[in-house]
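>>> need a structure here:
(one chain, ligands or ions: 1)
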Amino acid sequence: MTQDELKAAVGRAAVAYVTPGSVVGVGTGSTVNKFIDALAEARMPLAGAVSSSEQSTQRLKALGIAVLEASTVERLGVYVDGADEIDGRGFMIKGGGAALTREKIVADLAERFICIADESKQVGVLGSFPLPVEVIPMAAAQVARRFAALGGQATLRPGVLTDNGHPILDVRGLRIVDPPAMESEINQWPGVVTVGIFARHRAHTCLLGTATGVRTLVF
Ligand code: 5RP
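Numbering: from 1, shown residues only. From the prediction side, this is the model:
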């Protein structure tokens, strides 16, 4: 199976976690695109979706799925999103698609985070994938120095601004052995909008696409 087929398989599998008639939280990325396509194909009646990016909003609308403002929704049953890395406890690195802030906001509304990923995303320790951090521009150099003190090399992602109009730092060289502690620490740094460690908002379930089928990991 190609990576694209694995993504399609987990996208289809995630539809089973969506309650007909509900509002579903929708993440961002190539795997989520497969989920959106599968939702539309299943013709499931939905009250709508809360989207984590302009990109997903456009795709949802094009397929006839209503998109609701997050501010009008108090609680979601499930949030379905991909990951750049996921460890054995459901902790993730996210933000490869620069949507991390809205992803964390929508994940925070949800009872359950359903992560959909192909098996290349599964890791023992987070950190091989460069950690995305959305920052306020005037703090970028200051935040980069703080990462250097932790052994990380932060570089601005060229030509990218988030849907919120901010730049992204990608931090290489970190080995994130205690994701909740590192997330809490970085959250204290002035100028950090969102760090791409999803520990507090970890996955509850991961649908992992493997050569032998979709594995369900429950954390
Ligand atoms: C976007 C994300 C994505 O979930 C992550 O980058 C995975 O994307 P893909 O499914 O394309 O591999 O965090 O900000």
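
>>> who's in contact with the residue of the chain positioned farthest from its centre?
Relative to the centre of the chain, and counting by Cα atoms, centre = their mean, the farthest-placed residue is residue 149 at 26.6 Å. The contact partners of residue 149, by Cβ atoms under 8 Å, 6 or more residues apart in numbering, come to none. Bear in mind the C-beta positions are built from the backbone N, C-alpha and C, glycine included.

>>> any idea how far it is from the ligand?
Shown here: residue 149 relative to the ligand, a distance of 26 Å by Cβ to the nearest ligand atom, to the nearest Å.

>>> Assign residue 34 to helix, strand or coil.
helix (DSSP: H, G, I helix; E, B strand; the rest coil).

>>> neighbours of it, just the number please.
A count of nearby residues for residue 34, using other Cβ atoms under 10 Å, gives 23.

>>> what does residue 64 give?
Residue 64: 9 neighbours (other Cβ under 10 Å).

>>> So for it, what's the nearest residue that isn't a sequence neighbour?
residue 40 (6.7 Å; Cβ to Cβ, 6 or more residues apart in numbering).

>>> what's the lengthiest strand in the chain packed up against?
Longest strand of the chain, by residue count under DSSP state E: strand 110-118. Under the contact definition 3 or more Cβ pairs under 8 Å, 6 or more residues apart in numbering; DSSP states H and E, strand 110-118 sits against helix 3-14, helix 30-42, strand 76-81, strand 205-210.

>>> Which among those is found nearest to the ligand?
Set against the ligand and scored by Cβ to the nearest ligand atom, the helices and strands packed on strand 110-118 come closest in helix 30-42, at 3.3 Å.

>>> Spell out which parts of the protein neighbour the ligand.
Contacts of the chain with the ligand, taken as Cβ under 6 Å from any ligand atom, map to 27-31, 81-84, 94-100, 103.

>>> Please narrow those residues to those residing in helices.
Among these, the ones falling in helices (DSSP state H) are 30-31, 100, 103.

>>> which of these lies closest to residue 128?
Checking those against residue 128 by Cβ to Cβ gives residue 100 as the nearest, at 17.4 Å.

>>> Tell me if I'm right that the closest one and residue 132 touch.
Yes: counting by Cβ atoms under 8 Å, residue 100 does reach residue 132; the two are 5.7 Å apart.

>>> and these two? which has more neighbours close in?
The residue with more neighbours, out of residue 100 and residue 132, is residue 100; 29 against 25, by other Cβ under 10 Å.

>>> ok, and the closest non-adjacent residue to residue 214?
In space, residue 214 is closest to residue 13, 4.7 Å off (Cβ to Cβ, 6+ apart).

>>> List the contacts of the one you found.
With the criterion set at Cβ under 8 Å, 6+ apart, residue 13 makes contact with 116, 207, 214.
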